[in-house]
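Pasting the sequence and the predicted model now:
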2 protein chains.
Amino acid sequence: MQEYEKIFRDFLKRRGLKLTEPRKLILDAAFSVHHHFTVEQLFRLVKAESSLVSLATVYRTLPLLIEAGLLQQSMRSSSRDSFEHILGHPRHIHWICETCGAVIESDLDEVKPIVESDAERFKFELREIKLNVIGLCWKCKQSENNLQ
Amino acid sequence: MQEYEKIFRDFLKRRGLKLTEPRKLILDAAFSVHHHFTVEQLFRLVKAESSLVSLATVYRTLPLLIEAGLLQQSMRSSSRDSFEHILGHPRHIHWICETCGAVIESDLDEVKPIVESDAERFKFELREIKLNVIGLCWKCKQSENNLQ
DNA sequence: AGACTTTTTGAGAACAATTCTCAAAGGAGT
DNA sequence: ACTCCTTTGAGAATTGTTCTCAAAAAGTCT
Ligand SMILES: [Mn+2]
Ligand SMILES: [Mn+2]
Ligand SMILES: [Zn+2]
Ligand SMILES: [Zn+2]
């Protein structure tokens, strides 16, 4: 059994919930993608495996996966939320290109201690750091220069 | 004339657009609030001044105010975007309490240089740093402890 | 001022992402 | 098999946002 399955199973048990077939399919689909995905994309993946699962169940299962600490909502672009699994894949910075939508990732190592000490100062119980940087990726910057 | 009005007027002129009465009312409303507001809240403020302005025009004017550098979209909570004016009010960190929704702000001074040097390394043209920290404010942390 | 052109507007329809409803099905314990 | 929950699919409903379009307003030129 995959580690993520064990984690989800335990989480559900603690809540008095069951790891049903639809939930299992959604879980596996979420861990079969190694980049960001939207609800729609996740739904299509699940449907490819078994057309039995409904979109409503995908929407219902997502918050459970997040509460279990397996997934994170990482960005929002073109009015859709993007998710990604975070097991063994710590939270990170997202560099989002305004022009082409490309997303680069980099680690939070340098930023984290600063935020943590601020949190201590504010007596704020830190649960999640969400750092998104908006701008122009090098490719788009280049082609913009070429136009001029 | 307020500085923000001059900035908006100039911005509109550059675009061949006009500072009309509805746009002026929306602009003033946005600068009459000194905290975060949703579209709905801005609309209600404008309507209080003059019931002539429509919600569609508020939606149409918001991106103009943002492009003019007067407003920023700062957070998203309970599926609504929050905005705030940023004239003479640099971008900052938002500390968002998961329980009560309270938002604390703090400056980006320590984080900014780190992100800037990363940007240089990635040849990324940085336009905006969006740093939101999710967790528990000290009040909610306290009352959570008292329950146990 | 009048004619012409372009921009802007309000009202409501349309749209799209998400949530809700509800009756049927499933599962664990007895 | 009976009871008591939980879960589900399907589609309706909701909600934030965008679009459409005809009318009004604001220039511009004469
Ligand atoms: Mn990521
Ligand atoms: Mn703010
Ligand atoms: Zn790009
Ligand atoms: Zn709180």
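On my side now, so go ahead. Ligands and ions are numbered 1, 2, ... in the order given.

What parts of chain A come near ligand 1?
For chain A, the contact set with ligand 1 under CB under 5 Å from the ion comprises A:74, A:84, A:105. Heads up, the C-betas are built off the backbone N, CA and C, glycines and all.

Okay, buried residues for the least confident helix or strand in chain A by mean pLDDT please.
Between all helices and strands in chain A, the lowest mean by mean pLDDT, DSSP states H and E belongs to helix A:138-147, at a mean of 84. Within helix A:138-147, the residues scored as buried using 16 or more other CB atoms under 10 Å in any protein chain shown are A:140-141.

same check, this time on stretch A:88-95
Neighbour-count burial for stretch A:88-95 flags A:91-95 (criterion: 16+ other CB under 10 Å).

ditto for stretch A:8-26
Buried, per 16+ other CB under 10 Å, within stretch A:8-26: A:8-9, A:11-12, A:22-23, A:25-26.

pretty sure residue A:46 is touching residue A:29, no?
Yes: at 4.7 Å, residue A:46 counts as touching residue A:29 under the criterion of CB atoms under 8 Å.

Between these two, which has more neighbouring residues?
A count of neighbours by other CB atoms under 10 Å in any protein chain shown puts residue A:46 above the other of residue A:46 and residue A:29, at 25 against 22.

Separate out the buried members of the residues of chain A next to ligand 1.
A:74, A:84.

among the residues of chain A next to ligand 1, which are in strands?
A:74, A:84, A:105 (DSSP state E).

Which member of those is positioned nearest DNA strand D?
Taking CB to the nearest atom of the strand as the measure, DNA strand D lies nearest residue A:74 of those, at 19.0 Å.

Residue A:27 and DNA strand C: what is the separation?
Using CB to the nearest atom of the strand, to the nearest Å, we find residue A:27 at a distance of 16 Å from DNA strand C.

mind listing the helices for chain A?
A:3-14, A:21-32, A:39-49, A:55-67, A:111-122, A:138-147 (DSSP state H).

wait, which of these is closest to ligand 2?
Distance to ligand 2, taken as CB to the ion, is lowest for helix A:111-122 among the helices of chain A, at 14.8 Å.

just how off-centre is the least confident helix or strand of chain A within its chain?
29 Å (CA atoms, centre = their mean, to the nearest Å).

outside of that helix, which residues touch it?
For helix A:138-147, the external contacting residues (CB atoms under 8 Å, 6 or more residues apart in numbering or on different chains) are A:97-100, A:102, A:136, B:122-125.
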